[in-house]
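**Q** structure of the sequence below:
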Amino acid sequence: MSTKIEKYINVDTYIIVMFIETRKHGKKKKYYLAHSYRIGKKVRRISRYLGSNLSEKELKSLSKRAEEIILEQIREKHPFELSEDELKEYKKYENKIEIRHLQKTLDWGRFTKDFTYNTNAIEGSTVEYEKAKKLIEKKDAPQNSEEIETINVSNAVNFIRKARQSLSLGLIKKLHFLCFNKTKPFAGKIRNTEVVIKDKDGNIIHRGAAPAQIEGLLGELAEWYEKHKGRYPPLLLAAIVHNQFEHIHPFQDGNGRVGRLLLNYILLRHNYPPISIKLRDKRGYYKTLSQFGKTGDIKPTLRLLASQYGKK
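**A** Numbering: from 1, shown residues only. All right, here's what the predicted structure looks like:
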């Protein structure tokens, strides 16, 4: 026997119905947080055991945490499935930018220096722009790990510019290795420990995927991209791959730089100019990642990315 207390949650691209089931086993009452969700025309269902003979206070507390876990699992496995009407809505962000032919307009030397400086600075690198420029142009030799990573990231930009391979776990690990070879002992290696992201007050604002699930989740993300690359607009594809990668957080360190390289890898594969997210936009950028992590809403990221075109 079961009783249901339903809760409807609209999470951008799918609708989840959560409910508490009470099952009687003799004198015991066992509680489960169950959920069903619709992805397109398919409806799926799963439940999570909460405990037996729980008080109302215990039930409320355990349900809240179980709900968070369920939402994270759904976002990890089903990052985005859109109807035709939803696609039309997202394509409006593409219409706000003017895409020109890459080979005629893009100064790759300038972009590489700009991207390398900004992407490293967002992560706390103290290498100034002029120093980064000299290192990339081989006018100075690197003296420390930050300067080595400056050269490494510029090499990774050159790699994605020429890459013709499909999105895969191997490609993702390659990008991490290129960025952190000779500076981090775990360069190119998926983490085998838990990782959390904290705010300035020490509060946990995001917990990365469990180590045992990481390779599977990255494989599913690559499959999702291959399935949707011919249907979804490029800016949306790039935003989803980037944000979902950051949500999984597969490496012990360096996820931000690899994620922004993946963002541009997707754009380039669809003949879109690459984007260099500026250090001055760091706060807004992190805010869009936080919003995606909490609600699955990709629109703030799309607005930010569209705004980056044309910035100097």
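
**Q** use CA for all of it now, contacts and neighbours both
**A** OK.

**Q** contacting residues for the closest residue to Asn53 other than its chain neighbours?
**A** Among residues not flanking Asn53 along the chain, Lys29 sits closest, at 5.2 Å (Cα to Cα, 6 or more residues apart in numbering). By Cα atoms under 8 Å, 6 or more residues apart in numbering, the contact list for Lys29 reads Thr22, Arg23, Ser52, Asn53, Leu54.

**Q** what strand or helix carries Lys29?
**A** Using DSSP states H and E, Lys29 falls within strand 28-39.

**Q** do Gly51 as well
**A** strand 42-52.

**Q** one step back: are any of the contacts of Lys29 buried, and which?
**A** The neighbour-count criterion (16 or more other Cα atoms under 10 Å) marks Thr22, Ser52 among the contacts of Lys29 as buried.

**Q** okay, now Ser83: neighbour count?
**A** Residues near Ser83, counting by other Cα atoms under 10 Å, number 11.

**Q** what separates it from Ile266, distance-wise?
**A** According to Cα to Cα, to the nearest Å, Ser83 and Ile266 sit 22 Å apart.

**Q** can you tell me how far the residue lying closest to Gly188 once chain neighbours are set aside sits from Tyr309?
**A** Leaving aside its sequence neighbours, Gly188 sits nearest to Phe177 (Cα to Cα, 6+ apart; 4.0 Å). Separation of Phe177 from Tyr309 (Cα to Cα): 28 Å.

**Q** which of those two has more neighbours?
**A** Neighbour comparison, Phe177 and Tyr309: the larger count goes to Phe177, with 23 against 17 (by other Cα under 10 Å).

**Q** contacting residues for Ala121?
**A** Shown in contact with Ala121 (Cα under 8 Å, 6+ apart): Val127, Leu279.

**Q** which of the helices or strands spans it?
**A** helix 108-122.

**Q** quick one: the residue lying closest to Asn181 once chain neighbours are set aside from Leu178, how far?
**A** Excluding its sequence neighbours, the residue lying closest to Asn181 (Cα to Cα, 6+ apart) is Ala187, at 5.7 Å. Distance, Ala187 to Leu178, by Cα to Cα: 8 Å.

**Q** go through stretch 289-299 and flag the buried ones.
**A** Neighbour-count burial for stretch 289-299 [16+ other Cα under 10 Å]: Leu289, Ser290, Phe292, Gly293, Lys294, Gly296, Asp297, Ile298, Lys299.

**Q** gap between the last one and Lys174?
**A** The reference is to Lys299. Distance from Lys299 to Lys174, by Cα to Cα: 29 Å.

**Q** next one: the second one
**A** From Ser290 over to Lys174 the distance is 26 Å, taken as Cα to Cα.

**Q** element containing the residue nearest the centre of the chain?
**A** The chain has Asn243 as the residue nearest its centroid, 2.3 Å off, counting by Cα atoms, centre = their mean. Asn243 belongs to helix 234-248 when assigned by DSSP H and E.

**Q** and the contacts of Lys29, which two are furthest apart?
**A** Arg23 and Leu54 (12.2 Å; Cα to Cα).

**Q** now list whatever residues contact both of these two.
**A** Counting by Cα under 8 Å, 6+ apart, the shared contacts of Arg23 and Leu54 are Lys29, Tyr31.

**Q** okay, and for the stretch 1-150 of the chain, where does confidence drop off?
**A** 1-19, 34-48, 67-80, 98-104 (pLDDT under 70).

**Q** contacts for the helix holding Asn243?
**A** 76, 79-80, 90, 94, 208-209, 214, 217-218, 221, 225, 228-229, 255-256, 259-260, 262-264, 266-267, 270, 272, 289, 292-293, 298, 301-302, 305.

**Q** what's downstream of it, the next helix or strand?
**A** Sequence order places helix 255-269 as the next helix or strand after helix 234-248, per DSSP H and E.
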